[in-house]
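S.K.: From the sequence below, what's the structure:
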Amino acid sequence: MSVSGVSGASQNPLLQTLLDSMPQLQSGSSAAAASTGGASASYLLSLGSQQAQSAVLGYNQLGKLVNQAEDTLSGLGQSSTLSTAGGLAAQKFTVDVQQLAAAQSLSSGQYSDPDKTVVGTGTLTIQLGTVGSSGGAFTASGTPVTVSIADGTLNGIASAINNAKAGVTASVVQSSSGVYQLVIAGSTTGAANAFSLSGIAGLTYDPTAPSSGALSLTQAAQDAHYTVNGTAQTSATNENAPIASGVVSTLTAVGVTTVSVPYGQQQASAAAQNLTSSFNQLLSSISLLTASGGQLSADPSVAFTLVQSLGAAASQSFGGKTLADIGITAQSDGTLAIDQAKLQAAYAADPAGTNAVISGASAAITRTLQSAAGPSGAIDQETRALVAVMCQGPSLADYLLGGSGGSNTSSMLSALSSSSSGSSTPNLADYLLAMSNNSSSSSSDPLLSLGSTSG
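M.R.: Now for the predicted structure:
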C-alpha cells in the first residue's frame, strides 16, 4: 500500500503494520482523502450532502470512542499506578501436573526399503478434529485437505504430506534392527488437534475405531492436565501454560513443581492487558468506520492520521525500551498482542523498566488521543468544517431559511472563491479563515453566527 504523506513507516514496524491493516485506504479516492486531509476545501465540497452528514455522525462516534480509550489509559500513564514493591516476598504457586499435552502420532508397519516398497498411491484425505475425552466420537474442524500421492514409497508419501502443510508432519524412521516405519504426527499438541486419514488403503486411520485402520496409534492427542494450588486447569500446550492471571509456565514433567513470580508482576500484566485492549478496540472501531460502507469511508483523513499518530506513540522508546522489548508486539491486522512469557521474563529482569514502558506508552497514546479529541483537535475541526459545507447550497441552511434550493456545487465553489461573503449564511471560506486565525470567541464562529443571522 502506498499513501501520500506517509513517511518513515518502513523504519517503524508497528506503524507499517497499522497502515497495512487498513485496506480501505488502498483505493485511489480514499488515498486522496487521506493525503489531502480535512483542511482541503475542494475535497470537502466534493462530498455529497449525504456523505457529509454520514461523516459528521462518524466523527462524533469516533470522538466518543477516543474519549473512552483516553479514560482507560490516562490512569495507566501515571507512574504511581504501577510500582515495584522491593523487599516483598515473591508469589508462589504449587503446580501438580498429572498429564502433559501431546500431539497425535501414528506409525505404519515395518518395511525394509523406504525408497522401493510401495505402500499405496492415490488421494489421501486429512481431516483435523477433536476426539471425545473418553474416546468415541470424532468432531471434525476446518476443511479437509487432500494430498495427491504418486510416489507411494515411504519417502514419497512423507514428502507429499509435508508439502501439503495440512496440520500434520510425516517422517521416515529407522529402528535399531534396520527396518523403516512411516510416522505421521500432528503439528500441534492438544486434544483439539487430532486427525483422521482416509482414501488410501495402506494409510487409513479412524479415531473412532483406532484398531481398524492400517496405521497404529502411538500417541493420542491430549491436553495438559494439572492443578494450581489445588484448582484444576488444562492447557493445549506445555509451553506458556496459564498458572494465574498474567502468570504462565512451561510444564516439563508429571509431578509437583513450584512457580515463583516477583511481587507486582500480575499488576503489570493487568496494566499491559488494559493497554492492548483499549488500543485494539479503538483500532478495530476506526477500521469499521473507514471501511467500505462505514460512516467515514468518504472522508477518512482524520481517522487515518490518528492511526498514524497512534502507531508513532506506541512505537516510542521509554527508558531505552520499547513495547516489543517487553513482549507487546503488533500483529498482521495492526492490533497488539502480549507474549505473557516474554512480559513475565522482562518484569523479572527489570520490574521498574517494564513498568516504565507500560506507563510511558499509555501516557504517549493518551496525549495523542487528547490532541485528536480536544476542543480544537482534528476531530472537532473536521466536524465543524463538514457542518459548514452542509450549511451551503441545497442543504440544511436552504431548508431552514426557506430557500429555493436551487444552488448547486458550482455555486458552492463560486462562493468559496469569493474573497468576502455578503450572505448571511457563512460559507466554507469564512469558516476556514476563522479557524486559521485561531479564534476562540464563540461570537466569531460562523457556525454559531448562523443562528443569529437566520432569524
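S.K.: Report the helix or strand with the lowest average pLDDT across this structure.
M.R.: In the chain, the helix or strand scored least confidently by mean pLDDT, DSSP states H and E is helix 409-417, which has a mean of 37.
S.K.: Nearest the geometric middle of the chain, what residue?
M.R.: By Cα atoms, centre = their mean, the chain has its centre lying nearest to Thr335, at 2.8 Å.
S.K.: Quick check: the gap between it and Leu282.
M.R.: Thr335 sits at a distance of 10 Å from Leu282 (criterion: Cβ to Cβ, to the nearest Å). (C-beta placed from N, C-alpha, C; glycine too.)
S.K.: With Lys342 instead?
M.R.: In terms of Cβ to Cβ, Lys342 sits 24 Å off from Leu282.
S.K.: Go ahead and produce CSV holding the CA coordinates of stretch 340-354.
M.R.: The C-alpha coordinates for stretch 340-354 follow below in CSV (Å, rounded to 0.1, in the frame of the first residue of the first chain):
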residue,chain,number,x,y,z
GLN,A,340,3.0,-13.4,28.5
ALA,A,341,6.2,-15.4,28.9
LYS,A,342,8.3,-12.6,27.5
LEU,A,343,6.5,-10.0,29.6
GLN,A,344,7.0,-12.2,32.7
ALA,A,345,10.7,-12.6,31.9
ALA,A,346,11.1,-8.8,31.3
TYR,A,347,9.5,-8.0,34.6
ALA,A,348,11.6,-10.5,36.5
ALA,A,349,14.7,-9.0,35.0
ASP,A,350,13.8,-5.3,35.3
PRO,A,351,10.5,-4.5,37.2
ALA,A,352,10.9,-0.8,37.2
GLY,A,353,11.9,-0.6,33.5
THR,A,354,9.0,-2.8,32.4
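S.K.: quick one: buried residues of it?
M.R.: 340-344, 346-347, 350-351, 353-354 (16 or more other Cβ atoms under 10 Å).
S.K.: Show me the shaky parts of this protein.
M.R.: For the chain, the stretches with pLDDT under 70 are 1-48, 78-89, 134-136, 391-455.
S.K.: quick check: longest helix of it.
M.R.: helix 49-76 (DSSP state H).
S.K.: Just say helix, strand or coil for the closest residue in space to Asn229 that isn't next to it in sequence.
M.R.: Closest residue to Asn229 apart from its sequence neighbours, by Cβ to Cβ, 6 or more residues apart in numbering: Thr94 at 5.5 Å. Of the three states, Thr94 takes strand under DSSP: H, G, I helix; E, B strand; the rest coil.
S.K.: circling back: can you get me the centre-to-centre distance for the longest helix of the chain and its chain?
M.R.: 20 Å (Cα atoms, centre = their mean, to the nearest Å).
S.K.: which strands and helices sit next to it?
M.R.: helix 265-290, helix 301-314, helix 351-373, helix 378-390 (3 or more Cβ pairs under 8 Å, 6 or more residues apart in numbering; DSSP states H and E).
S.K.: Please identify the most buried of those.
M.R.: helix 301-314 (a mean of 23; mean count of other Cβ atoms under 10 Å).
S.K.: moving C-terminal of that helix, what's the next helix or strand?
M.R.: Where DSSP states H and E defines the elements, the next helix or strand beyond helix 301-314 is strand 328-330.
S.K.: what about the strands in the stretch 101-250 of the chain?
M.R.: For the stretch 101-250 of the chain, applying DSSP state E, counting those that start in this stretch gives strands covering 105-107, 122-131, 138-140, 145-149, 168-174, 180-186, 194-198, 216-219, 224-228, 231-235, 241-244, 247-249.
S.K.: Now for Thr125, how many residues are close by?
M.R.: Neighbour count of Thr125, defined by other Cβ atoms under 10 Å: 16.
S.K.: ditto for Ser176
M.R.: 5.
S.K.: any idea how far it is from Gln110?
M.R.: 12 Å.
S.K.: With Phe279 instead?
M.R.: Relative to Gln110, and taking Cβ to Cβ, Phe279 is found at 56 Å.
S.K.: So for stretch 130-144, what gets flagged as buried?
M.R.: 130-131, 138.
S.K.: Start and end of that stretch, how far apart?
M.R.: Length of stretch 130-144, first residue to last, Cα to Cα, to the nearest Å: 14 Å.
S.K.: which residues are in contact with it?
M.R.: 125-129, 191-194, 196, 206-208, 220-221 (Cβ atoms under 8 Å, 6 or more residues apart in numbering).
S.K.: how far does it sit from the chain's center?
M.R.: Using Cα atoms, centre = their mean, the offset of stretch 130-144 from its chain centre is 29 Å.
S.K.: So what sits opposite Ser105 in the bridge?
M.R.: Ser105 has these beta-bridge partners by DSSP bridges: Ala185, Gln219.
S.K.: give the contact list for it.
M.R.: Ser105 neighbours (Cβ under 8 Å, 6+ apart): 183-186, 217-219.
S.K.: Distance check, it against Asn229.
M.R.: Relative to Asn229, and taking Cβ to Cβ, Ser105 is found at 33 Å.
S.K.: Same check on Thr153?
M.R.: On the measure of Cβ to Cβ, Thr153 and Asn229 end up 53 Å apart.
S.K.: May I ask you to confirm that Ala363 is in contact with Glu70?
M.R.: No: counting by Cβ atoms under 8 Å, Glu70 is not a contact partner of Ala363; they are 11.1 Å apart.
S.K.: Leaving out chain neighbours, which residue sits closest to the residue nearest to the centre of the chain?
M.R.: Thr335 sits nearest to Asn280 (Cβ to Cβ, 6+ apart), 4.3 Å away.
S.K.: That neighbour touches Asp333, doesn't it?
M.R.: No: between Asn280 and Asp333 there is no contact under Cβ under 8 Å: 9.1 Å.
S.K.: so the strand or helix carrying Ala341 versus helix 351-373, what angle?
M.R.: Using DSSP H and E, Ala341 sits in helix 340-349. Angle of helix 340-349 versus helix 351-373, following axes from the mean of the first three to the mean of the last three Cα atoms, to 10 degrees, is 120 degrees.
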